[in-house]
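Chemist: Dropping a prediction and its sequence here:
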Amino acid sequence: MQVYILHIRIYIIEGNKNLKYRQYLIFLIYIPIIYQVTLVGNGAILLAIGTEKKLHTPMYYFLANLALLDIFCPSTTLYFLVALVGTEVFLLSVMAYDRYVAICFPLRYTLIITKVCCVQLTVGTWTAGFLNSLLHTVSTFCLSFCKYNLVNQYYCDIPPVVALSCSSTYVAEMLILVEAGILGISAFLVTFISYFYIISTVLKIQSMKGKCKAFSTYASHLLVICLFGGTMIFTYVRPYSSQHSPGIDRLISMLYGIVTPMLNPMIYSLRNTEVKGAVRRVLCHRTYLLQV
């Protein structure tokens, strides 16, 4: 059997000369601004949750995992990128279930979401994400690559790599579509069913102020989930060899790989009064120590 070696060049580095101004613009915006905001925002959340004892609860435990994923996602590619993005899909559904239990069964919350349950759910999400990525990666590199070696993407992702194959990709595509479809649809069903019951419970709140506050919080959560989930479905749950505009593909990949990790801290954590207070106290304490 002939063995082919795939040499991959990143599109943003070796793209068309006519697009150089876009490459420089993305570099100038992404590196100093978006990436640093992502690191600082998620890093502050991890620090606050780690140091503040009253935040050592299941909800903040899941938020800490989300912040960790959002730090890793923009910093990795290929196997680890797919693994981390898959893990985030499952984690968002676990967080939705956690909020469903907290809102709909507040008196039984501590009995249902125990420390052991938190650990099991977290380990399950990370395991599912990495196994999902392993299947993607193995099926991809079982293909033959013999001609083109230019990945038309800002980073090395599975779909544009599969598109370079000179062998039949039908079996690999069907395997991934079925597996990703089952796991992805299951995760999103858990998420949206949880939020359906959450919204139903919120509607029963008598206070208009309480309703508005709850709707503001959960509408933001759903917005992120729709943005993240929609871009993931567009990227992975479709035939990899199908024709799409390269510009649209690159924009979509930036949304779930770069923009969402930056938005998550602002929507899930930094709007939370307890988290904001904890971050403020930690930063003030650090500043005081530096001055001393």
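Modeler: On my side now, so go ahead. Numbering: from 1, shown residues only.

Chemist: Can I get stretch 100-112 in PDB? Just the C-alpha atoms.
Modeler: Extracted C-alpha coordinates of stretch 100-112, given in PDB (Å, rounded to 0.1, in the frame of the first residue of the first chain):
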ATOM      1  CA  TYR A 100     -33.100  23.400  34.700                       C
ATOM      2  CA  VAL A 101     -32.800  21.500  38.000                       C
ATOM      3  CA  ALA A 102     -31.900  24.700  39.900                       C
ATOM      4  CA  ILE A 103     -34.900  26.600  38.600                       C
ATOM      5  CA  CYS A 104     -37.500  23.900  38.400                       C
ATOM      6  CA  PHE A 105     -36.500  21.800  41.400                       C
ATOM      7  CA  PRO A 106     -34.700  24.200  43.800                       C
ATOM      8  CA  LEU A 107     -35.400  22.200  47.000                       C
ATOM      9  CA  ARG A 108     -34.000  19.000  45.500                       C
ATOM     10  CA  TYR A 109     -31.100  20.700  43.700                       C
ATOM     11  CA  THR A 110     -28.400  19.700  46.200                       C
ATOM     12  CA  LEU A 111     -29.700  16.100  46.200                       C
ATOM     13  CA  ILE A 112     -29.700  15.800  42.400                       C
END
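
Chemist: what's the burial count for Q36?
Modeler: By the criterion of other C-beta atoms under 10 Å, Q36 has 12 neighbours. Every residue, glycine included, has its C-beta placed from N, CA and C.

Chemist: how close does it get to L143?
Modeler: According to C-beta to C-beta, to the nearest Å, Q36 stands 37 Å off from L143.

Chemist: again, but for L47
Modeler: 43 Å.

Chemist: again with I267
Modeler: Counting by C-beta to C-beta, the gap from I267 to L143 is 38 Å.

Chemist: longest helix in the protein, by residue count?
Modeler: When the chain is parsed with DSSP state H, its longest helix is helix 170-203.

Chemist: Pull out the buried residues from the helix or strand just after that helix.
Modeler: Counting by DSSP states H and E, the next helix or strand C-terminal to helix 170-203 is helix 208-236. For helix 208-236, a neighbour-count test (16 or more other C-beta atoms under 10 Å) marks 214, 217-218, 221-222, 224-225, 228-229, 231-236 as buried.

Chemist: and of these, the nearest to V138?
Modeler: The closest of these to V138 turns out to be Y236 (C-beta to C-beta; 15.5 Å).

Chemist: Show me what the helix or strand hosting Y109 is packed up against.
Modeler: Using DSSP H and E, Y109 sits within helix 109-112. Secondary-structure packing of helix 109-112 (3 or more C-beta pairs under 8 Å, 6 or more residues apart in numbering; DSSP states H and E): helix 79-104.

Chemist: Using neighbour counts, pick out the buried residues of the helix it packs on.
Modeler: So for helix 79-104, counting by 16+ other C-beta under 10 Å, buried means 79-103.

Chemist: what about Y79, distance to T140?
Modeler: Distance of Y79 to T140, given as C-beta to C-beta: 9 Å.

Chemist: neighbours of Q120, just the number please.
Modeler: If we define neighbours as other C-beta under 10 Å, then Q120 has 11 of them.

Chemist: which element is it on?
Modeler: Assigned by DSSP H and E, Q120 belongs to helix 115-141.

Chemist: how far out from the middle of the chain is that helix?
Modeler: 13 Å (C-alpha atoms, centre = their mean, to the nearest Å).

Chemist: name the helices or strands packed onto it?
Modeler: Here helix 115-141 touches helix 58-72, helix 79-104, helix 158-162, helix 170-203, going by 3+ C-beta pairs under 8 Å, 6+ apart.

Chemist: Can you add distance to T122 and mean pLDDT and give those helices back as TSV?
Modeler: Listed next are the helices and strands packed on helix 115-141 as TSV, based on distance: least, C-beta to C-beta, whole Å; pLDDT from 0 to 100:
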stretch	distance to T122	mean pLDDT
helix 58-72	6	90
helix 79-104	8	88
helix 158-162	25	76
helix 170-203	15	82
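
Chemist: could these go into TSV alongside distance to A128?
Modeler: Shown next, in TSV, are the helices and strands packed on helix 115-141 (distance: least, C-beta to C-beta, whole Å):
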stretch	distance to A128
helix 58-72	13
helix 79-104	5
helix 158-162	17
helix 170-203	7
